[in-house]
Structures are given as structure tokens and as C-alpha cells.
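Chemist: generate a structure from the sequence data that follows.
(one chain, ligands or ions: 1)
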Amino acid sequence: MPAATPLAPHPVPRVETRFRRIVTEFPVPESLPVLEQLQRCEIRAMQGQPPVVWDRAEGFQVYDRWGNMWLDWSSGVLITNAGHGRREIIDAITRQAQHGLLTNYCFPSEIRAELAARLVSLLPPPLSKVFILTTGSETVEFAIKIARMHGLRTGGRGKNVIVSFEKAFHGRTLGAQQAGGIPALKEWIIHLDPGFVQVPFPDGYWTPDTSFELFEKTLAEQGVAPRQVCAVMLETYQGGTAAFAPVEYIRRLREWCTGHEALLIFDEVQAGFGRTGKLWGFEHYGVVPDLTTWGKGISSSLPIAAVAGRAELMDLPDPGSASSTHTGNPVCCAAALANIDIILREDLAGNAARLEPVLQEGLRAIQREFPQAGFLAGKGLVAGLACVDPQHRTPDGKLAHDVVWRAVEKGLLMFNPVGPQGCTIKICPPLVITEDAVREGCEVLRESFAEVLAERRG
Ligand SMILES: Cc1ncc(COP(=O)(O)O)c(C=O)c1O
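Modeler: Coordinates of the predicted model:
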């Protein structure tokens, strides 16, 4: 758990490269009033990230007001796939706002119709309908609702189990949190719904057994019969590690779900819109889910999210029985449409795929030098580098935290580590990043590991 942001400025070396500029102490002394105001007025849970006060951001760089410039490896939190502050997105937002329609609830509007059709045009059959919402958690809640409705329809009240995966993260609302696989995040729920069950995720490191038999065995051990399962939900890659499951495992899972009339749900809130080197992350597995959820990279900017799925599932709720106040907000729709145009026109999924070997090789070099960088995973322009005690393979969240903060002081922006005990350094730059910038980022990360480990040795 990250501590509250320390607000004592200290000197850091000056940095001046094409991609990074650090010219002040860290945190910036002049930024303290902003940081203090947030600490005073916002909840404690909002604290803990590196204290960079964002002023503006463009492409793959973030700026503060005091002359510093960071090479961004965060994309906010995997939001800005098309790059920060894209002119086309700003113009689309401005045009829609100037046009004079700022909200529309569920009343029809041309722009929502345009976005719905655009999203549907990108779907592989048999997926053919979308429901536009506002946040990733909201999409997961809707997917859960459809899963339960499908269970009721096909198997009655007993077909209510939603199987998800250990270490998974699907959001912080009540249903999404229960579908998640991090017990500490669920303690507050107290009366956990027994219809949410988790099985190990076959990442090949934290769970060495990647066979599909482990899925079936774990369900049996938990007393769940296949006919009780209404859905299996997984992140296309686990956000906490960036690990994908083996292709063969997912193909078997797809068959298992079809055979037992259970829905297969891919949560693509992180993986969608080109992040993994393909437009949809599930394409890596050669399967099509029954439902998929999107958020983050759908607009590279304003809050908007969506669920897509097979028509007969998406149409289970009666007219009027699924809605959300800001569904398909017109300004957000304009942002999403402009964003999708950029992602397709500039082939940003292709750029992510092209840069994957550069990023992976840079991170593998770090692994070779520092055995503490124990587990590397990812595809396209998402990667996770987990810090461990190399002897025992136990997570070293402190090392990951110190490396990230050191990198931020050097002008490489990342959010706090995620995953098992906060030990995964997550790398997820905007998909417009260049090869030179990826290489420079890897070198900064390497230096950060070297310095932090040298300081540890004393
Ligand atoms: C895979 C996944 N699903 C759902 C969510 C929740 O999205 P939001 O924070 O927009 O509610 C996240 C957020 O990190 C996520 O990574």
C-alpha cells in the first residue's frame, strides 16, 4: 500500500534530453500548495502517486508549470492510446461543445448513433451490439448483470456462478470488486456473494501450472459444478502483471464455456484499442468472447466506456431497464470517434506491435543485469516487470516502488507499481511513442535499478 505522498522537496540531478527535462527539486517547491490542497480536501486514498503536478500533456510527454518535462510511460493509467492532447480530439470535443449539445441521457442523438455504429463496425461476428457507458467498472457491472440474466434464462437460479481469476482487477464497485481476485480489496464487503469464485491465472510464474486442467480441478475443489457457472470473466492480460494466458488454455476455456452454456467475458478495459499490438487483445488467442468490456483507451481523453456483445445477450434487459445518466454523452462520443479515427488511420496497434521487440529487449537486458527483475510479461506496448527476491521468488514491492520513484525523478513518468504486493513496474506509454523514446526509457529504468540497488548495498 503506497504511503501518503511525502512533500519534502530534495535536490535531484538536472536532466536535459530530447524527451525529458528536469530542472527543479522534486517535488517542485512551488507545487507544494497544490499538493497540500489536495491532501487537505481529497480523500487519503487519492494519495501516494509520484507528486508530479500535471499541467499539460502532448503526444508521449507530460509537462508541469515549472519547466519539467516527462517521457510518459503511464498514459495516465493506460488511457491515452492515441497520445496526450491530440489536436483532432480537442477539435472534435470543441466542435461538439460549440454545437450546443452537452448531454442527452438515453434520448436519441446523432452522435451517439454514429459512435454506436462505428463501434459495431469494428466487432468480429457474432458480436453486434454495444452499450455505451462512462467507466470501466460500470461496464463490468453490466457484464455481470448479463451473465446472471443469461444464467437465469438457461439454467435457473442455480446457474449463477461467475468464475474469474486470482490477482484479477475489474474495478472498485461492488460487483466488479467481487469479481476481482485480490482478497485485501474485498475485506470491506464482509458478506461476499458466494456466486463469485476465483481460480489461479495461468501466468507461468506466480502460477507455474498453466494447464487447463488446473481450471477444472480448482472449480471441483471449490465445489462448483460446471452447470452452475453462468460466465467466466478474465482480463485479456492481467493488469497486475501484464501476463497473458497460454493460447491453448484460452482455446480450451472457450470450448468449455460453449459446452457448459457459460459466457466467456473478456475485460478489455485495459487491453482494447491497440494497446497489445492488435485492436482487440483477445485476437491474440484466436477466440471471440460472448461479451467484452472497454474503457480507458476508447477516447484517449474524456470518460466513456462500453460493453459489446452478442445481440441476444445484450438485449436481455427489457427496454428502460438498463441505463446510465451519462450514457453516450455527446462530447465524450465526439472524443471517442476522433480517437478511433486516429488509432485506425495511424495504425497504432501496428506501432505497438512493431515496438514490442524493442521494449521487450530493453526490459530483458535489465533482467539479465538485475536478477531482482524476476518476471517480465506483456505484448505490444504494455509490459510488467516484477521485482522479487530472486532466491525465494517473493514480491519486493519496496524495490519496485523505489525504482519507479527514482525513474520519475529522472524524467520517466510511471504510476506506482501494481500487482502482487505492488511489485510490478507497469510500462504502458501512449501508442504514438517512437523507438528512440522507448530505448531512452529503458535506459532510464536500467539506471534507476542500478542506483537503487547500489544504495541498498550501502
Ligand atoms: C481490466 C480493468 N477492468 C476494469 C477497470 C475499472 O475501470 P474504471 O477505473 O474506469 O472504473 C480497470 C481499471 O483499471 C481495469 O484495468
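Chemist: can we go C-alpha only for contacts and neighbour counts from here?
Modeler: Noted.
Chemist: mind checking the backbone torsions on the nearest residue in space to Gln177 that is not next to it in sequence?
Modeler: Distances taken as CA to CA, 6 or more residues apart in numbering place Gly171 nearest to Gln177, at 5.7 Å, with adjacent residues excluded. Dihedral pair for Gly171: phi 130, psi 180, per degrees, to the nearest 10.
Chemist: isn't Gly171 up against Gly180?
Modeler: Yes. The criterion here is CA atoms under 8 Å, and Gly171 meets it with Gly180 at 7.5 Å.
Chemist: comparing these two, which residue is more hemmed in?
Modeler: Neighbour count, other CA atoms under 10 Å: between Gly171 and Gly180, Gly180 has more, with 26 against 20.
Chemist: residues in contact with the residue nearest to Ser211 when sequence neighbours are not counted?
Modeler: Nearest non-adjacent residue to Ser211, counting by CA to CA, 6+ apart: Tyr249, 6.5 Å away. Neighbouring residues of Tyr249 by CA atoms under 8 Å, 6 or more residues apart in numbering: Thr210, Ser211, Phe212.
Chemist: give me the distance from the strand or helix carrying Tyr249 to the chain's centre.
Modeler: For Tyr249, the host element (DSSP states H and E) is helix 247-259. With CA atoms, centre = their mean, to the nearest Å as the basis, helix 247-259 stands 23 Å off its chain's centre.
Chemist: contacts for the helix or strand following it?
Modeler: Once helix 247-259 ends, the next helix or strand along the chain (criterion: DSSP H and E) is strand 263-267. Residues from elsewhere that reach strand 263-267, judged by CA under 8 Å, 6+ apart: 140, 143, 147, 170, 230-236, 254, 257, 282, 289-294.
Chemist: out of these, which are close to the ligand?
Modeler: His170, Glu235 (CA under 6 Å from any ligand atom).
Chemist: quick check: the residue nearest to Ala349 when sequence neighbours are not counted vs Ala97, distance?
Modeler: In this structure, Ala349 finds its nearest non-sequential neighbour in Gly274, 4.0 Å apart by CA to CA, 6+ apart. The gap separating Gly274 from Ala97 is 27 Å, by CA to CA, to the nearest Å.
Chemist: those two - which one has more neighbours?
Modeler: Gly274 (28 against 16).
Chemist: surely the more buried one is in contact with Ile342?
Modeler: No. The pair Gly274 and Ile342 does not pass the contact test of CA under 8 Å, sitting 11.1 Å apart.
Chemist: shared neighbours of the two, anything?
Modeler: Leu348.
Chemist: quick one: pLDDT of Met1?
Modeler: pLDDT, Met1: 45.
Chemist: ditto for Gln391
Modeler: 94.
Chemist: then Leu152?
Modeler: 98.
Chemist: same deal with Pro125?
Modeler: pLDDT at Pro125 comes out at 97.
Chemist: on that earlier part again, go through the contacts of Tyr249 and flag which are in strands.
Modeler: In strands, judged by DSSP state E, none of those are found.
Chemist: can you pull out the helices in the stretch 1-150 of the chain?
Modeler: Taking DSSP state H, counting those that start in this stretch as the criterion, the stretch 1-150 of the chain contains helices spanning 32-41, 75-78, 87-99, 110-121, 136-155.
Chemist: so what's the residue most central in space within the chain up against?
Modeler: For the chain, the residue nearest the mean C-alpha position is Gln270 (3.1 Å; CA atoms, centre = their mean). For Gln270, the contacting residues are Leu78, Gly239, Trp294, Gly295, Lys296, Gly297, by CA under 8 Å, 6+ apart.
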